[in-house]
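Chemist: mind folding the following:
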Amino acid sequence: MDSMLIRELQSYAEENYKIRVRVCRLWRGKRIHPERNDGLHCVLVDERGDAIHGIVSEANYSSVSGKLKQGEVYLISDFYVRDSQEDYKVVDNSIQAHFNGKTKFKLLHNSFPQIPQHRFYLLEYNQLQDRIDKTDLLTDLFGCVKSIMPIEEVNTRDGPESKCEITLQNLRREQIRVTLWGNSARKVDIETIESLPPPVLMVITSLKVRQYKEMPAPSNTSHTSIFINPEIPQAEPYKIEFSKATDTIKKLPPPCKQLTAAEVEKQDKTTVHQLNRLNPQKYKNQLVYCEAFISRFSTHDGWWYEACPQCYKQLTVKKNSDLRVCLDHSMQIPLPCYRMHATIEDPNSEATIKLKGKPAEQLFGITCRELIDRYPYAPQETLPQEILQTTGQIHIFQIQISEANDFIVKGVFPSTKNQPSASTPAHPLYDRKRSVDKGRRQLFATNPDKKPRRTGKEALNQQHHPQTLGTKKKGTEISCHILCK
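Modeler: Numbering: from 1, shown residues only. The predicted model follows:
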């Protein structure tokens, strides 16, 4: 029987098929929950450029793994054709080829007609929006590597995990950031990639696309493979466009290590008084930790701004229009981001900090976009209750000191000194008047049987002045702090 084309195969047929194909992709399968190996997987392509996903089960892995090599052409027989699963398909085909120990793989040399080296399903970056949360067919991306974030260990809900971020750019100089996790991140040889002459072109396969901060956010799956400088037709115009001396890979600084709450508690901490006395030249490359509470916020510069979704720089309004423009990424849809000043205190001093982006989201427990959507007519000079209710709470602030002596918050962690208390009603100050009046009436309401809430300042004071005096009068308990001078 002569070999057949992939498009001629039918699932569950009794016929013993033969196919002449190239193994253009080969990888070890992985399952995540629980983490374990999942056989051998490959993408096979024939002379027409059609592709099929080949699968070897874990039970048959040892008897097949040594018979296949990526890039080689084989005549394959004695295999089974079955329907593909509906989700997470790596190729656009409704069938799969399943191999076992009886499958025959005959290596072919100088085989004609020629078979393509690769088969990818590449998407333009502007098509990614339509792929968000769709997993029927996984996404392949191609571009020039512009930057690589060094591998870091981050804390996830499943424990510590490796993470690497790669930024690709297309011919229109549009950028997309791909996040790799786990084994896919650890396999990235950053030193080798950075040592290659520009341009460095890359294909990253089998990605899922989620949405993060209003932008498509591709990330790896267990089927993801990476190809550097692949010989594909799309590469030629990229080699011309990105041949300039400025088109080198940007070396990003190592990300700050994420600490757990327990690790933060063990860090040496400065008082607010000590924080005010730190020399920015000496500490500009260090993070310091300060345990304090927020006493007030300042709205002299508002509490949010319109950011570019790609670089988070503030957008400017295009002249004679309402369009928002980024100096680096042209016209953009604005992304609301936190930016505000706050005053932190401890028993002896106070300091002004800058809150922005992720640390502010950590503190308030809600993104700026969600807060703006909740209160679409929120004025910049009035703070929502979700922000105001964090005053008086003790936190450990991870702070970077700028050369201008600004205290920029890089992380916010809970303090063990906070006491549980009833949540504050979520009525913003700019709600309807009757809500304001109701809040004003409640503000001055009294409950003689309720214990007063301990403020952050009192909690910090107690560690220096632990003596308390308790008296009871007419069923009401009064707790007084004796302050020692």
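
Chemist: which of the helices and strands in the chain ranks last by mean pLDDT?
Modeler: helix 433-443 (a mean of 34; mean pLDDT, DSSP states H and E).

Chemist: end to end, how far does stretch 188-206 reach?
Modeler: In stretch 188-206, first residue to last residue: 16 Å (C-alpha to C-alpha, to the nearest Å).

Chemist: mind listing what's buried in that stretch?
Modeler: Val188, Ile193, Pro198, Pro199, Val200, Leu201, Met202, Val203, Ile204, Thr205, Ser206 (16 or more other C-beta atoms under 10 Å). Just so you know, the C-beta spots here come from the backbone N, C-alpha and C atoms, and that holds for glycine as well.

Chemist: for these, name the two members farthest from one another.
Modeler: Greatest spatial distance in those: Pro198 and Ser206, 26.3 Å, computed using C-beta to C-beta.

Chemist: look at Leu44 and give its secondary structure.
Modeler: With DSSP: H, G, I helix; E, B strand; the rest coil as the basis, the three-state label of Leu44 is strand.

Chemist: what pairs with it across the strands?
Modeler: Val23, Ile52 (DSSP bridges).

Chemist: grab the longest strand from the protein for me.
Modeler: For the chain, the strand with the greatest residue count under DSSP state E is strand 139-156.

Chemist: just checking, what packs against the next helix or strand after it?
Modeler: Note on strand 139-156: by DSSP states H and E, the next helix or strand toward the C-terminus is strand 159-169. The contact analysis (3 or more C-beta pairs under 8 Å, 6 or more residues apart in numbering; DSSP states H and E) places strand 159-169 against strand 139-156, strand 175-181, helix 182-186, strand 201-212.

Chemist: turn these into JSON lines, columns for distance to Ala292.
Modeler: Shown next, in JSON lines, are these (distance: least, C-beta to C-beta, whole Å):
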{"stretch": "strand 139-156", "distance to Ala292": "24"}
{"stretch": "strand 175-181", "distance to Ala292": "33"}
{"stretch": "helix 182-186", "distance to Ala292": "36"}
{"stretch": "strand 201-212", "distance to Ala292": "31"}
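
Chemist: and the strands in the stretch 1-150 of the chain?
Modeler: For the stretch 1-150 of the chain, applying DSSP state E, counting those that start in this stretch gives strands covering 18-31, 36-45, 51-56, 73-77, 80-83, 95-99, 104-108, 139-156.

Chemist: okay, those, which one's buried deepest?
Modeler: Per-stretch averages of neighbours, counted by mean count of other C-beta atoms under 10 Å, single out strand 51-56 among the strands of the stretch 1-150 of the chain, with a mean of 23.

Chemist: quick one, that one and strand 18-31 angle?
Modeler: Angle, strand 51-56 to strand 18-31, by axes from the mean of the first three to the mean of the last three C-alpha atoms, to 10 degrees: 60 degrees.

Chemist: what's in contact with strand 51-56?
Modeler: Strand 51-56 has contacts (C-beta atoms under 8 Å, 6 or more residues apart in numbering) with 6, 9, 21, 23-24, 29, 39-45, 64-65, 84, 89-93, 95-100, 119.

Chemist: sketch out the low-pLDDT regions of the stretch 101-250 of the chain for me.
Modeler: For the stretch 101-250 of the chain, residues meeting the criterion pLDDT under 70 lie at 155-160.

Chemist: can you give me every residue that contacts the residue nearest the centre of the chain?
Modeler: The chain has Thr179 as the residue nearest its centroid, 6.8 Å off, counting by C-alpha atoms, centre = their mean. Each residue near Thr179 by C-beta under 8 Å, 6+ apart is listed here: Lys163, Cys164, Glu165, Ala217, Pro218, Ser219, Asn220.

Chemist: hang on, the last one packs against Val188?
Modeler: Okay, so that is Asn220. No - counting by C-beta atoms under 8 Å, Asn220 sits too far from Val188 to count as a contact (10.4 Å).

Chemist: between those two, what contacts are shared?
Modeler: Leu180.

Chemist: burial count for His300?
Modeler: 7 (other C-beta atoms under 10 Å).

Chemist: list the contacts of stretch 268-281.
Modeler: Contacts for stretch 268-281 (C-beta under 8 Å, 6+ apart): 288-292, 344-346, 348-351, 396, 399, 401-405, 407.

Chemist: swap the cut-off to 10 Å and go again
Modeler: 283, 286, 288-293, 343-353, 396-397, 399-407, 460 (C-beta atoms under 10 Å, 6 or more residues apart in numbering).

Chemist: ends of that stretch, how far apart?
Modeler: Distance across stretch 268-281, first residue to last, is 20 Å (C-alpha to C-alpha).

Chemist: just stretch 301-313 next, same as before
Modeler: By C-alpha to C-alpha, the extent of stretch 301-313 from end to end equals 16 Å.

Chemist: just how off-centre is that stretch within its chain?
Modeler: 18 Å (C-alpha atoms, centre = their mean, to the nearest Å).
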